[in-house]
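Asker: Provide a 3D model corresponding to the input given below.
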Amino acid sequence: MRSFSLMPTVLVTVVVAALALAASPGSAQAQPAPPPGPAAGALPSFDDALAALLGRPGGLTADEAARRALTASPAVQRKAAEVAAARTDTQSAKYALVPRTTVTAGYTRLSDVEYPELAPGFSFPVILNSFHLGAQVAVPVSDLLVRLPPLKRATEHGVAAAESGQRSAQREAALEARLAYYEWVRAELQVVVAERLLQQVRANLGLVQALAEVNRVSRADVLRLEAQEAQVELALAQVRELAGLRAEQVRIAIGAGAEEALAIGEDVREAAAAAAIPAATELTRTALERREELKALRAARAALEEQRRAARIDRLPRLSVFAQAVYDNPNQRIIPAEDTFTFTWAAGAQVSWSLNDFLDHGPGVDKLDAQLRALDADRAAFELGVRAQVTAARQAVVLADAAQEATRRGLAAAEESHRVRQELLAAERATAIELIDADTELTRARIAVIDALIDRRLARARLAHVLGETTP
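Answerer: Prediction:
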């Protein structure tokens, strides 16, 4: 996101090149009174130009961009789907607690057979139509008491991990939206500075042209300023294109359409007092407590531990109880068979043990142990990464605060120097070239202040993200 930060340097370089005029022999001969012509001091107020751009009512702010990004981000939507999928696993675990109930109904047509007579005149009746209505309830007692509880807890930990992942994606989307917003603001401010710079160059060019007409500077000096004017025009076109690119990035981040007009609703010139930044160790401790990524890793590890506990239970025998009711015609328990519906029932208990489950237990547990070790390694690596991130983010905030204070003082000095140069020029004690020099320093100071203000907000946004602060 910082690849364009060289643009202010390009603008300053273009203006600094104009200072070469001061080194030329023709311009070294200072004249006590320059001829009348356009002067840089006659330019519109720079602060008025910024005020027209920043803090516009109804405009977009960084907080609003972050909120809109929560619903526009595909990554957040994917994490929401993962949470929904994890919650279905929880429902499945709850349904597993319900006794397995089976209801059956059937009809069978039997082929005709002849039964031998058991005694003269006595034989079993032949019933060719068979009807069945039945119900069975089986309760896996050992699973309900021992195996299903850890599996249910595992699914709950899985939901917690998915929810932490969703919150982490939300924070990431909010940060990206904030960064895109402030980079867009920086680009728009660079346009203002470039436009102001072009006005200054043109005003100075008019002044030098007037001096050249009375032979007080050489024609070469005029040509050099004309070349600088062309370079500044190119720089202005570049920063305007950059501003359009940054605006499009903001639209993508917040889900705005091309028809939605963007205006800057935040006045970045309003800089709060720099608060004391705690030590890196304290910030690291805070980050490790808040970061959703660590919470997700802990929840995932807890889920694997519960699955491991359930897997160890699989090697034990299983106890289940059952009850069965049938309403058959003929009922197989009625001897001799009768062509009528008869109700019977049965109940019992069963203990089962599977050799295959016992053999599969070992590799399954070993696999879960390996996954637990992998999660432990991921957590250790993430904690080390958090420590490095906190240190870097804290340092960036400290430097940004110092840069904001230093550039503020530098701008005050440049403004005062420019005012004094204007007064000296009016009193015929300075040259137009010296005023150009003052203009250049003032432009440089304004660019530095803008960069410091934006960098300060970016640094604090990144620090808040590293510390795991909640999204808006």
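Asker: number of residues surrounding residue 340?
Answerer: 11 (other CB atoms under 10 Å). For the C-beta atoms, the positions are set from N, CA and C on the backbone; glycine is no exception.
Asker: tell me the pLDDT of it.
Answerer: Residue 340 is assigned a pLDDT of 90 by the prediction.
Asker: how much space between it and residue 113?
Answerer: Using CB to CB, to the nearest Å, residue 340 is found at 20 Å from residue 113.
Asker: do residue 94 as well
Answerer: Counting by CB to CB - residue 94 and residue 113 are separated by 50 Å.
Asker: compare the two (neighbour count), which wins?
Answerer: Counted by other CB under 10 Å, residue 94 and residue 113 do not tie: residue 94 has more neighbours, with 12 against 7.
Asker: three-state assignment of the more buried one?
Answerer: helix (DSSP: H, G, I helix; E, B strand; the rest coil).
Asker: again, but for the one 3 residues further on
Answerer: Assigned with three-state DSSP, residue 97 falls in the coil class.
Asker: quick one, phi/psi of it?
Answerer: With angles defined as degrees, to the nearest 10, residue 97 sits at phi -80, psi -20.
Asker: and for it, the neighbour number?
Answerer: 12.
Asker: residues contacting it?
Answerer: 144, 148, 152 (CB atoms under 8 Å, 6 or more residues apart in numbering).
Asker: and the helices in the stretch 101-250 of the chain?
Answerer: For the stretch 101-250 of the chain, helices defined by DSSP state H, counting those that start in this stretch occupy the ranges 141-142, 148-213, 219-254.
Asker: between the contacts of residue 97, which sits nearest residue 345?
Answerer: Nearest to residue 345 among the contacts of residue 97: residue 144, at 22.6 Å, using CB to CB.
Asker: leaving out sequence neighbours, find the closest residue to that closest one.
Answerer: Leaving aside its chain neighbours, residue 144 sits nearest to residue 97 (6.4 Å; criterion: CB to CB, 6 or more residues apart in numbering).
Asker: equivalent analysis for residue 172, please.
Answerer: Residue 172 sits nearest to residue 75 (CB to CB, 6+ apart), 7.0 Å away.
Asker: that neighbour contacts residue 169, correct?
Answerer: Yes - with contact defined as CB atoms under 8 Å, residue 75 counts as touching residue 169 (4.8 Å).
Asker: just the element for residue 404, please.
Answerer: helix 355-426 (DSSP states H and E).
Asker: which one of residue 75 and residue 169 has more residues nearby?
Answerer: residue 169 (22 against 15).
Asker: mind checking how far that one is from residue 254?
Answerer: Residue 169 is 16 Å from residue 254, by CB to CB.
Asker: re the thing from before, give me the pLDDT for the residue nearest to residue 144.
Answerer: Looking at residue 97, the pLDDT reads 75.
Asker: picking up where we left off before, let me see the contact set for the residue nearest to residue 172.
Answerer: Residue 75 touches 169, 172, 173, counting by CB under 8 Å, 6+ apart.
Asker: figure out the helix or strand that it lives in.
Answerer: Per DSSP H and E: residue 75 is located in helix 74-95.
Asker: for that helix, list every residue counted as buried.
Answerer: The neighbour-count check on helix 74-95 (16 or more other CB atoms under 10 Å) flags 76, 79, 80, 82, 83, 86, 87, 89, 93 as buried.
Asker: now the angle between helix 148-213 and that helix, please.
Answerer: On the basis of axes from the mean of the first three to the mean of the last three CA atoms, to 10 degrees, helix 74-95 is oriented at 170 degrees to helix 148-213.
Asker: how far out from the middle of the chain is helix 74-95?
Answerer: A distance of 20 Å separates the C-alpha centroid of helix 74-95 from that of its chain, computed with CA atoms, centre = their mean, to the nearest Å.
Asker: with stretch 184-198 instead?
Answerer: Relative to the centre of its chain, stretch 184-198 is centred 28 Å away, using CA atoms, centre = their mean.
Asker: do the same with stretch 104-116
Answerer: That offset, for stretch 104-116, works out to 69 Å (CA atoms, centre = their mean).
Asker: and for stretch 225-241?
Answerer: 36 Å.
Asker: now residue 60: phi and psi?
Answerer: Per degrees, to the nearest 10, the backbone of residue 60 is at phi -80, psi 140.
Asker: what bits of the stretch 1-150 of the chain have low per-residue confidence?
Answerer: Applying pLDDT under 70 to the stretch 1-150 of the chain picks out residues 1-44, 115-123.
Asker: can you show me the strands along it?
Answerer: Applying DSSP state E, counting those that start in this stretch to the stretch 1-150 of the chain gives strands spanning 100-109, 129-139.
Asker: hang on, the earlier thing: quick one: buried residues of the following helix or strand past the helix holding residue 404?
Answerer: Sequence-wise, the next helix or strand downstream of helix 355-426 (DSSP H and E) is helix 432-466. By neighbour count on 16+ other CB under 10 Å, the buried set for helix 432-466 is 432-433, 435-466.
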